[in-house]
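K.L.:
coords please:
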Amino acid sequence: MNLAARALLRSQNAAALVSKRNILTEHGQATGGRGGGRRANFRSTAATAAATAAAAAVFYAALNDRMKVYAQTGEQEVIAIENRVRQYSAPDKIFNYFASYLFIAKNGKRAMMISPLEFYAAITPDCGLVHGVGSGVHVELTQQEVEHGQLDMEMSPVEGSVLNEIAGLGLLSYADFCFLLALLSTPRKYVETAFSMFDVTGDGNIEAKEFAYVSTKMAHKSGGFGSYTDLDQSEILASSSGLLNYLFGKNRDQTLTKEKFKKFQKDLLEEIIQLEFMEYDKGKTGRISEAEFVNFLLKNGRITPKRRAALIKKIEAKWPSKGRGVSFPSFKSFFYVLAGGAELERALFFLDVEGIGVNKEEFRKIASWVSGETTSDHVVDVIYELLDDDADDRLYRDDVATVLLDWRHSRGYDKGSIRVSLGEIRI
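P.N.:
Down below sits the predicted model:
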């Protein structure tokens, strides 16, 4: 849903709770979603666009100064707000900010739910594919509508998308959101540990009941983590969760093996990586510039805008727009390095008791070990050009902390990852 459409929806919600059926029309055209193709086309005429903007401006001015920026300053300010929400809010607050569906079960119980592509937006800084509408803004969706395939949402542009497969089966609950965040933020070398946490009985398979119990208990809630009863379990297992349908089937009679669990993490993470790469690779060339790669690294790092601009300019001077560039495989392998940020820090510096830092070859080998893939020599050259201020071909912890080690924070990965303790060692 584009900004204008969501702005109109928010202004309608000021007066009363809006049913999904109230914003669907038999005469509208689909805006790129799936399902019945009945969503009204908010871009059909200039008059409609003007009316939408006017309604949004009046609503924001009267009721919500925070959201008024949508009408006043455009998408960049919206992105800045969303970046702050991702970086500084608790997981439940992030979920509610980006979730735009109020799911109504057959027994009348209601719960906020999020689409798979909204999940991507909730964990990706500077995301331009989908925007959040803020807490309390939603369209209603009944369980019958979901079961009859009347769910209309934005879809991933990735071929063979696992997010789209999930979307074809339903939406994501808050517990689903927390599970997916934990799965993405867990380094691949520890994914079997994560599997063991869900395999409560230890029989080598995760059943739907086990998954429902663990995912609910791990989901952070304001005021505490809450209880888990037989009623909770019955409701979860009977829900229209797209994730549960995908992993365990609509009858909840399938199980999740360790290999399936690992494959799901790999497929999901690779799609997240591809989606982010595509936001830079507008021409679909399979490569992005070194400056674009650096911009990706510096997202929401603890550096000033002036310093960020200077670093990007420095890289542009070294590698002009027609330089070698960074390929998708190189981008992907280093994404894995960043996603395992705690592992990177431990491997790079915990044994550096002399404080002499690491050279390029040491960095490349350690990064390859953390990611499980070969780290590009060119990517390492870009990293050292970016962070090695004294040009001694060595990096120290202080050089990389505000960029590489803080990268996970802006995505919420530090909020969801598993933690392993062995005595005084915490990973």
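K.L.:
Using the three-state scheme, assign residue 354.
P.N.:
coil (DSSP: H, G, I helix; E, B strand; the rest coil).
K.L.:
got a pLDDT number for it?
P.N.:
Note on residue 354: pLDDT of 73.
K.L.:
Quick check: the gap between it and residue 360.
P.N.:
Using CB to CB, to the nearest Å, we find residue 354 at a distance of 18 Å from residue 360. Where you see a C-beta, it was placed from the backbone N, CA and C, and this is true even at glycine.
K.L.:
Who has more neighbours out of those two?
P.N.:
A count of neighbours by other CB atoms under 10 Å puts residue 360 above the other of residue 354 and residue 360, at 16 against 6.
K.L.:
and the more buried one, what is it in contact with?
P.N.:
For residue 360, the contact set (CB atoms under 8 Å, 6 or more residues apart in numbering) comprises 380-381, 384, 393.
K.L.:
Among these, which one sits closest to residue 368?
P.N.:
Closest approach to residue 368 among the contacts of residue 360 (CB to CB): residue 380, at 9.9 Å.
K.L.:
From residue 348, how far off is that closest one?
P.N.:
Distance from residue 380 to residue 348, by CB to CB: 13 Å.
K.L.:
residue ranges with poor pLDDT in the stretch 251-400 of the chain?
P.N.:
Residues of the stretch 251-400 of the chain meeting the criterion pLDDT under 70: 300, 322, 341, 350-353.
K.L.:
now the helices for it?
P.N.:
Assigned by DSSP state H, counting those that start in this stretch, the helices in the stretch 251-400 of the chain fall at 258-280, 290-298, 305-318, 328-339, 341-349, 360-371, 377-387, 397-400.
K.L.:
Out of those helices, flag the one nearest residue 234.
P.N.:
Distance to residue 234, taken as CB to CB, is lowest for helix 258-280 among these, at 24.4 Å.
K.L.:
Show residues contacting the closest one.
P.N.:
Outside helix 258-280, the residues within contact range by CB under 8 Å, 6+ apart are 120, 123-124, 126-129, 156-158, 161-163, 180, 183-184, 186, 188, 191-192, 194-195, 198, 204, 206, 247, 256, 284, 288, 292-293, 295-296, 328, 331-332, 335-336, 339.
K.L.:
and the residues you listed, which are buried?
P.N.:
The neighbour count (16 or more other CB atoms under 10 Å) marks 120, 123-124, 126-127, 129, 156, 158, 161-163, 180, 183-184, 186, 188, 191, 194-195, 198, 206, 247, 256, 288, 292-293, 295-296, 328, 331-332, 335-336, 339 as buried among the contacts of helix 258-280.
K.L.:
quick revisit: now for residue 380 and residue 348: what residues contact both?
P.N.:
Each of residue 363 lies in contact with both residue 380 and residue 348 under the rule CB under 8 Å, 6+ apart.
K.L.:
for the record, mean pLDDT for stretch 181-197?
P.N.:
In this model, stretch 181-197 carries a mean pLDDT of 88.
K.L.:
hmm, back to that, distance to residue 89 added to the helices of the stretch 251-400 of the chain, as CSV?
P.N.:
Formatted as CSV, the helices of the stretch 251-400 of the chain follow (distance: least, CB to CB, whole Å):
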stretch, distance to residue 89
helix 258-280, 20
helix 290-298, 21
helix 305-318, 22
helix 328-339, 20
helix 341-349, 20
helix 360-371, 28
helix 377-387, 29
helix 397-400, 26
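K.L.:
those strands in the stretch 1-150 of the chain, which residues are they?
P.N.:
101-104, 110-113, 139-142 (DSSP state E, counting those that start in this stretch).
K.L.:
what's the closest of those to residue 81?
P.N.:
Taking CB to CB, strand 110-113 is the member of the strands of the stretch 1-150 of the chain nearest to residue 81, at 19.2 Å.
K.L.:
For that closest one, list every residue counted as buried.
P.N.:
Residues 111-113 are the ones in strand 110-113 that count as buried (16+ other CB under 10 Å).
K.L.:
Which one of the contacts of residue 360 sits in the busiest neighbourhood?
P.N.:
With neighbours taken as other CB under 10 Å, the top of the contacts of residue 360 is residue 380, carrying 21 neighbours.
K.L.:
Count the neighbours of the spatially closest residue to residue 316 that is not a sequence neighbour for me.
P.N.:
Nearest residue to residue 316 in three dimensions, chain neighbours excluded: residue 291, at 4.7 Å (CB to CB, 6 or more residues apart in numbering). When neighbours are defined as other CB under 10 Å, residue 291 has 24 of them.
K.L.:
Residue 291 and residue 297: what is the separation?
P.N.:
The gap separating residue 291 from residue 297 is 11 Å, by CB to CB.
K.L.:
Ok, residue 363 next?
P.N.:
Noted for residue 363: a distance of 14 Å to residue 297, by CB to CB.
K.L.:
Also residue 317?
P.N.:
Shown here: residue 317 relative to residue 297, a distance of 17 Å by CB to CB.
K.L.:
Same check on residue 234?
P.N.:
Going from residue 234 to residue 297 by CB to CB gives 46 Å.
K.L.:
higher neighbour count, those two?
P.N.:
residue 297 (20 against 12).
K.L.:
Could you verify my assumption that that one touches residue 386?
P.N.:
Yes: with contact defined as CB atoms under 8 Å, residue 297 and residue 386 form a contacting pair (7.2 Å).
K.L.:
where exactly do the helices run in the stretch 101-250 of the chain?
P.N.:
With helices called from DSSP H, counting those that start in this stretch, the stretch 101-250 of the chain shows them at 116-122, 143-147, 162-167, 174-185, 191-198, 208-218, 230-237, 242-248.
K.L.:
what residue of this structure is the furthest out?
P.N.:
Most distant residue from the mean C-alpha position of the chain: residue 354, 38.1 Å away (CA atoms, centre = their mean).
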